[in-house]
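K.L.:
Okay, predicted coordinates and the sequence, questions at the end:
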Amino acid sequence: MSAPSLLNALWQSGQLRTLDHALAQSLRRLDPDTPDEVLAAAALASLAVSQGHAGFDPAQPQMLVEAPLPWPEPEAWTRALGTSRWVATPEAADIEAATDAPLVLEHTLEGRGLLYLRRYREYERRLALQLHRIAAHPLPGDAPTPLAPLFAQLFPTSSLLPPAGDKPAGTAGLDDEVARRASAMDGASQRARRADEGAFHEDRQARAAAVALRHALLLVTGGPGTGKTTTITRLLTLLVAQARHAGRAAPRIALAAPTGRAAERMAESVRAAAQTLEAAGIDAGLCAQLPTTGTTLHRLLGTIPDTPRFRHHADHPLPLDVVVVDEASMIDLPLMTKLVEAVPDGARLVLLGDPDQLPSVEAGDVLAGILLAAGDGAHLTAADAEALQPLLGTASAAAVSNVPPAFPARHVHLTRGFRQHDALQLAPLAIAVRTGDATSTLDLLRGATLPGVHFHEDLADPLQVHRDRLLAHWTSLARTDSPAEALRLATRLRLLTAVRDGPQGARSVNARVEAILSGSRLGGSRGRGAGHFHGRLLLITQNSYRHRLFNGDIGICLRDDDGHLVAWFPGEDPSQPRPFHPATLPAHESAFAMTVHKAQGSEFDEVWLLLPERSTRVLSRELVYTGITRARRELHLAGSAGIIEAALARHASRWSGLGWRLGFTDY
Ligand SMILES: Nc1ncnc2c1ncn2[C@@H]1O[C@H](COP(=O)(O)OP(=O)(O)OP(=O)(O)O)[C@@H](O)[C@H]1O
């Protein structure tokens, strides 16, 4: 009697998607002698991608499938994969895998094997090559000394310039006024600061900007409000001044993010930071060169209708010198690969993000892989410390690492939160959640001492208990005449859920909101068929390059003067939303409630985070952290202590070989 089939067991227990099973079946059809464990692994490699992994680790199948199945012994399983005709085993990480094998096995995880669908292995390989290319490309060898006065103005609390009178050499060419003001600052305040080396070490914002002058690939990470955008605005000002000083044209700079809302938020922050700089006396001519608008990555790269390809790629790179990308944790493997391939030789790439947030829904965890390899940027290399001494002073030598990372990118993690909303004090809770400290989290929630934070313990349905308050928000959207105003008001409040399905899932909550609204006067006038109604919030769930509407975009249905329903979505200019006929929209659903995954990159004044009654695998500390940090002024968290404990005990970790490919070996 033959052994029971693992593939059948996976399929019959409902673990696989049709697509995963079809892949395994087609391999069996092509070669009926293919061992069952190879077929099962092929199906699992396909399933893994749908759960955000780049590949599948045969040593930990339980991470993918919780059902107790008779898993093969990992070493024997990996051996069987390594000898299969369907599995390529490239000799080196940077060699393209044979094109006739749909799977690739590489020893990426602590020497263990990771089984990839070939397409994703190739994305990872190309991404690693391109990141190395960008990071290793030589930059113009401008000496930083002439930038010292400006640097001292931009980072007044950290610059350690020579004492007054001892003017840095080579300031010619920089704006005299800038130099004069900076020299004036060289006196007492600078000397007092010099004494405080501790504060210097804390000033990672200055260090990030200084290091970026010497490195083309920079990662700046940190939680909400730690000053990532502020730091980048100052860095861009330095780059403009550097070009001016060297007699080059001002750098061509783009600000981009994975979603339109995130791009808009970044541009708003850069504009605000630039105004602050000008008010502080930074040369207006420098500030005028800073970008004022942001764009989505799709728009930056140039979508081609009805294809996943872009107008800009390796052979037609972006005409830019600096590409700044916010919310990098949301970018999946294919999109990040396409982005870096389009970055021209000699250009800078700056990635901003919060590594404690959920990784991208699609395959990736790209940011985590890059951060692993880039190491901890708290320590400068000896070469950086020496070269940047005119900006950072001798104290920089105190934090020198003698082991330069194999991957020449630089990473600085910002730790100090600056954003203060009197109404909301989230930081202690965010820290407890991020570190998985369930006891402190529950103490903080139950103690009710954090302004703006409200815990609704064991509340399963806010729509029942807080119906009037929630309804008042949604009806206010429908009362405004202006679509732009309705879209703006829509960000005042959002119900966020951990899951899509089940009683506390976005789908069911939306259905109940719709029922409540149709019971009110608001929803009485439904459009035909598709369930559209005046005041309906919409969430696009599928990219449509033709409409320039993308997964995650939020819009609103409003009736026009003739009584026809029109779906409005944000355009390039927030005051000019774009109208669509609701029947022509790509796949969409209601957005009164949405999953935390979909809310990444957005913020709302008031967030209601609804946790499910039963624990599920998607519930993790990263999910709770991402959910609560979407709130700007008020957070309402509904759920049980048990669910919060279960969530904080779980990490949303992903299988990826990117860190290994980029040179990280110390697992
Ligand atoms: N060094 C600093 N000193 C004083 N205020 C600062 C400093 N850095 C940032 N801020 C202020 O903190 C607030 C948040 O800064 P910023 O928007 O740059 O943070 P962020 O990390 O980009 O936030 P988010 O994660 O929400 O995008 C801003 O109001 C900014 O002016």
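P.N.:
Arrived safely.
K.L.:
Name the residues that touch stretch 449-458?
P.N.:
421-426, 428-429, 444-446, 448, 462, 465, 631, 633-641 (C-beta atoms under 8 Å, 6 or more residues apart in numbering). Quick note: C-beta positions are derived from backbone N, CA and C, even for glycine.
K.L.:
I'd like the average pLDDT over it.
P.N.:
Stretch 449-458 carries an average pLDDT of 95.
K.L.:
Walk me through the domains of this structure.
P.N.:
Domain assignment for the chain, taken from the TED database, gives 6-135, 145-153+204-418, 426-520+530-649.
K.L.:
so which of those gets nearest the ligand?
P.N.:
Nearest to the ligand, of all the domains of the chain, is domain 145-153+204-418, at 2.9 Å by C-beta to the nearest ligand atom.
K.L.:
Single out the most deeply packed of the domains of the chain.
P.N.:
Comparing the domains of the chain by mean neighbour count (mean count of other C-beta atoms under 10 Å), domain 145-153+204-418 comes out on top with a mean of 21.
K.L.:
Please see if it touches the ligand.
P.N.:
Yes: residues of domain 145-153+204-418 contacting the ligand under C-beta under 6 Å from any ligand atom: 205, 222, 224-230, 269, 418.
K.L.:
Between the domains of the chain, which one is closest to Leu658.
P.N.:
The closest of the domains of the chain to Leu658 is domain 145-153+204-418. By C-beta to C-beta, the value is 2.9 Å.
K.L.:
rewinding a little: got TSV for the domains of the chain, with distance to Ser656 too?
P.N.:
Below are those laid out as TSV (distance: least, C-beta to C-beta, whole Å):
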stretch	distance to Ser656
domain 6-135	4
domain 145-153+204-418	5
domain 426-520+530-649	15
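K.L.:
Quick check: which ranges of the protein have low pLDDT?
P.N.:
1-3, 109-111, 157-202, 361, 375-379, 394-405, 419-421, 519-530, 665-667 (pLDDT under 70).
K.L.:
And stretch 637-654, end to end?
P.N.:
End-to-end distance of stretch 637-654 (C-alpha to C-alpha, to the nearest Å): 26 Å.
K.L.:
ok, now which ones touch Glu264?
P.N.:
Glu264 sits in contact with 294, 570, 574, where contact means C-beta under 8 Å, 6+ apart.
K.L.:
repeat that with 7 Å
P.N.:
294, 574 (C-beta atoms under 7 Å, 6 or more residues apart in numbering).
K.L.:
Find the helix or strand that it is a member of.
P.N.:
helix 260-279 (DSSP states H and E).
K.L.:
and after that helix, which helix or strand comes next?
P.N.:
Next along from helix 260-279, by DSSP H and E: helix 284-287.
K.L.:
Can you give the strand pairings for the helix or strand following that next one, parallel or anti for each?
P.N.:
Going down the chain from helix 284-287, the next helix or strand is strand 295-296, by DSSP H and E. Paired strands of strand 295-296, with direction, are strand 253-257 (parallel) (DSSP bridges).
K.L.:
how about the strand it pairs with as CSV, C-alpha atoms only?
P.N.:
Backbone C-alpha positions of strand 253-257 (Å, rounded to 0.1, in the frame of the first residue of the first chain) are rendered in CSV as follows:
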residue,chain,number,x,y,z
ILE,A,253,14.2,65.1,-6.5
ALA,A,254,11.0,62.9,-6.3
LEU,A,255,9.0,62.2,-3.2
ALA,A,256,7.0,58.9,-3.6
ALA,A,257,5.0,56.4,-1.5
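K.L.:
Give me the residues contacting that strand.
P.N.:
With C-beta under 7 Å, 6+ apart as the criterion, strand 253-257 contacts 236, 263, 266-267, 270, 291, 294-297, 300, 320-327, 601.
K.L.:
Quick check, Leu6 in contact with Asp36.
P.N.:
Yes: using C-beta atoms under 7 Å, Leu6 makes contact with Asp36 at a distance of 5.6 Å.
K.L.:
distance of Asp422 from Arg632?
P.N.:
12 Å (C-beta to C-beta, to the nearest Å).
K.L.:
quick one, what contacts the spatially most central residue of the chain?
P.N.:
Nearest to the mean C-alpha position of the chain, by C-alpha atoms, centre = their mean, lies Ser329 at 2.5 Å. Going by C-beta under 7 Å, 6+ apart, Ser329 touches 353-355, 357, 359-360, 367.
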